[in-house]
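> Dropping a prediction and its sequence here:
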Amino acid sequence: MLEALYSHLARRAAMYLWMLVAFVTFSRYFALTINVSNSLPGTIFLVEKGAKPGKGDLAAFRYNGGGPYERGSLFLKRVLGMPGSVVTATDRGNGYRDYFVDGQFAGRAKPLSKHGMPLAPGPVGVIPEGRYYMAAPNPDSLDSRYALVGWVKDSQIVGRGIKIF
């Protein structure tokens, strides 16, 4: 059995070496991620590491921690606001707030998570340099509508996201 394995590896060593080189090279510049929530449509996304996202792009970023997720968890959201964008919120009563970025509806913030955890509202005003407003279309998405995420720092950005399927 070991002799057969050794023979197989010896015959295909060059192919396995090239596959290893390709994998290491790919993973230096890209990452594949699986969407485990329903916050964004799609299941598998490619992240182009180091690519700065623009307004409307998908972006992967590291979560600061707190609430239901660990610090460093990878989040994938759409960039709705860039430095200089204006974020406003309208009180809808009973702790609900509608958020707008440059006058465009960005989502409704709820007072409690679907698990009953209190949620503090996210920031409003002019987005400062080096920050982004991130959002997803799902009403239960944990995004910039909430203080747990807030405006995402440039240093948290991993890269630009591309939906595969």
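Structure received. Residues are numbered from 1 along each chain as shown.

> first vs last residue of stretch 25-41, how far apart are they?
29 Å (Cα to Cα, to the nearest Å).

> Could you list the buried residues of it?
By neighbour count on 16 or more other Cβ atoms under 10 Å, the buried set for stretch 25-41 is A31, T33, N35, S39, L40. To be clear about C-beta, it is placed using only N, CA and C from the backbone, and glycine gets the same treatment.

> can you list the residues that contact that stretch?
Contacts with stretch 25-41, where a contact means Cβ atoms under 8 Å, 6 or more residues apart in numbering, come from 42-50, 58, 60, 74, 76-78, 136-138, 140-143, 158-159, 161, 163-164.

> Ramachandran angles for the spatially closest residue to S155 that is not a sequence neighbour?
Distances taken as Cβ to Cβ, 6 or more residues apart in numbering place G130 nearest to S155, at 7.9 Å, with adjacent residues excluded. The phi/psi pair for G130 (degrees, to the nearest 10) reads phi 80, psi 20.

> any idea of the pLDDT on G130?
Confidence at G130, expressed as pLDDT, is 97.

> Same check on A10?
86.

> Just to be sure, it is in a strand?
No - if the criterion is DSSP: H, G, I helix; E, B strand; the rest coil, then A10 is helix and not within a strand.

> I'd like to know how many residues surround it.
A10 has 8 neighbouring residues, counting by other Cβ atoms under 10 Å.

> And the one 4 residues further on, by the same measure?
For A14, the tally of surrounding residues (other Cβ under 10 Å) stands at 8.

> before we move on, the earlier item: could I get the buried residues of stretch 25-41 as JSON lines with pLDDT?
Below are the buried residues of stretch 25-41 laid out as JSON lines (pLDDT from 0 to 100):
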{"residue": "A31", "pLDDT": "93"}
{"residue": "T33", "pLDDT": "91"}
{"residue": "N35", "pLDDT": "89"}
{"residue": "S39", "pLDDT": "86"}
{"residue": "L40", "pLDDT": "90"}
